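Enquirer: Quick one: sequence and predicted model below, then my questions.
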Amino acid sequence: MLQPILSESDLKRLQSYLGNAQHIVVTCHVSPDGDALGSLLAFTHFLKRKGKKVTPIVPNLFPDFLKWLPGADEVRIYDRNEAELDPLIAGADLFVWTDFNEPSRMDKLERPVMSHPAPKLMFDHHLHPVDDCVLTVSRQEMCSTCEILFRVLLQWDGIENISTEEAACLYTGMMTDTGGFTYNSTRSEIYESIGLLLSRGIDKDRIYRNIFYAYSADRFRLMGYLLYVKMKVFPQYNAALMTLTREERKRFSNKNGDTEGFVNLPLQISGMRLSVFLREDTEKEAIRVSLRSVDDFPCNRMAAEFFNGGGHLNASGGELQCSMDEAVATVQEAIKKYAPLLKGKK
Ligand code: 5GP
Ligand code: MN
């Protein structure tokens, strides 16, 4: 039996903030993934169902394989429409943050949101949430923000009121943040939640195909190229590294967001505990870093110490301002420093 996620008083406060708001802006983190966009859209549908005026705004473009999500065509993209969206944001009287824990994760959207006096509500599962929100629903043990939101909607409204669209968005975020329920997904509540979501008429097999079988030929070839040509395995450290330059991305018509999931691939090699993926950003001078691990290897510690970033134990990211060669050297240094933890267990 799923227990209520919010205390009675937090539920009342949530209901009163949403009840009093006339125009709510829902937003998520930069480079939205399935959980960010799924939770943003689920909340948007929910608020519309409650008769609210809602504007969903993402900081920048989301990947094509999320375009099928119900409501995705109504999402506004901030960095493409700043002049038009600034007045809209200025007219909001409540902000809802989904799937991020600190304002800088909104990238350019941070400025108009944080300079606005309206209250902010946070729904998130990342470590170390900031203290800027009037209500922070942060549950780090949960697999995804979508799981948190599902539990909130369930508690508020009961399963029979959750729409198929809401359920599809919520399921998507739970599925993508756990790699199709292959990591960070052993709590039995997750499967109880899935059972309930299925009762709302979603087709989970189709959702899986929409997300994971959505390669373009170019993206599929790039994956092969990365694994065959670019992957370096450090067997003595149970670690692997892949790199991707801007020139290579161009060759495979690859943009920011189109590399989602590639970092997980080397973990399919037996005994691998850490995978690092470096890629030159297609929109600014920077190298994006993604880290994935299995078991208890702390990617987030490595990301904070070496890559100006952070994240979860098994999935973290960061950014470097240097050449690719220097970034590779930094990775090698990090792997050496963490050798005792990497060699730990098979
Ligand atoms: P990804 O590899 O998919 O870009 O990021 C994986 C996870 O790492 C994200 O869900 C987020 O928790 C965290 N993350 C990614 N980039 C950053 C960053 O620049 N700073 C921090 N603090 N966390 C990040
Ligand atoms: Mn998430």
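Expert: Yes, it's here. Residues are numbered from 1 along each chain as shown. Ligands and ions are numbered 1, 2, ... in the order given.
Enquirer: Give me the neighbour count for the closest residue in space to residue 338 that isn't next to it in sequence.
Expert: Leaving out its chain neighbours, the residue that sits closest to residue 338 by C-beta to C-beta, 6 or more residues apart in numbering is residue 302, at 5.9 Å. All C-beta spots, glycine's among them, are computed from the backbone N, C-alpha and C. For residue 302, the neighbour count with other C-beta atoms under 10 Å is 27.
Enquirer: before we move on, which element is residue 302 in?
Expert: In the assignment (DSSP states H and E), residue 302 maps to helix 299-306.
Enquirer: what does the average pLDDT come to for that helix?
Expert: Mean per-residue pLDDT for helix 299-306: 98.
Enquirer: need the contact list for the residue in the stretch 1-150 of the chain positioned nearest to ligand 1.
Expert: Closest contact between the stretch 1-150 of the chain and ligand 1, by C-beta to the nearest ligand atom, is at residue 126 (5.2 Å). For residue 126, the contacting residues are 99-101, 138, 140, 310-312, by C-beta atoms under 8 Å, 6 or more residues apart in numbering.
Enquirer: Which parts of the stretch 151-300 of the chain are strands?
Expert: Here the stretch 151-300 of the chain has its strands, by DSSP state E, counting those that start in this stretch, at 232-234, 239-244, 274-280, 287-293.
Enquirer: Ligand 1 is nearest to which of these?
Expert: Going by C-beta to the nearest ligand atom, the one of these nearest ligand 1 is strand 287-293, 3.1 Å.
Enquirer: From ligand 1, how far out is residue 305?
Expert: 12 Å (C-beta to the nearest ligand atom, to the nearest Å).
Enquirer: Which secondary structure element of this protein has the lowest mean pLDDT?
Expert: strand 310-311 (a mean of 92; mean pLDDT, DSSP states H and E).
Enquirer: what's that one packed up against?
Expert: Under the contact definition 3 or more C-beta pairs under 8 Å, 6 or more residues apart in numbering; DSSP states H and E, strand 310-311 sits against helix 299-306, strand 315-320.
Enquirer: before we move on, the earlier item: name the residues that touch the helix holding residue 302?
Expert: The contact list for helix 299-306 (C-beta under 8 Å, 6+ apart) reads 127, 274, 289, 291-293, 309-318, 330-331, 333-334, 337-338.
Enquirer: Close to ligand 2: what parts of the chain are there?
Expert: 35, 99, 144-145, 177 (C-beta under 5 Å from the ion).
Enquirer: surely residue 129 meets residue 139?
Expert: No - using C-beta atoms under 8 Å, residue 129 is not in contact with residue 139; the gap is 10.2 Å.
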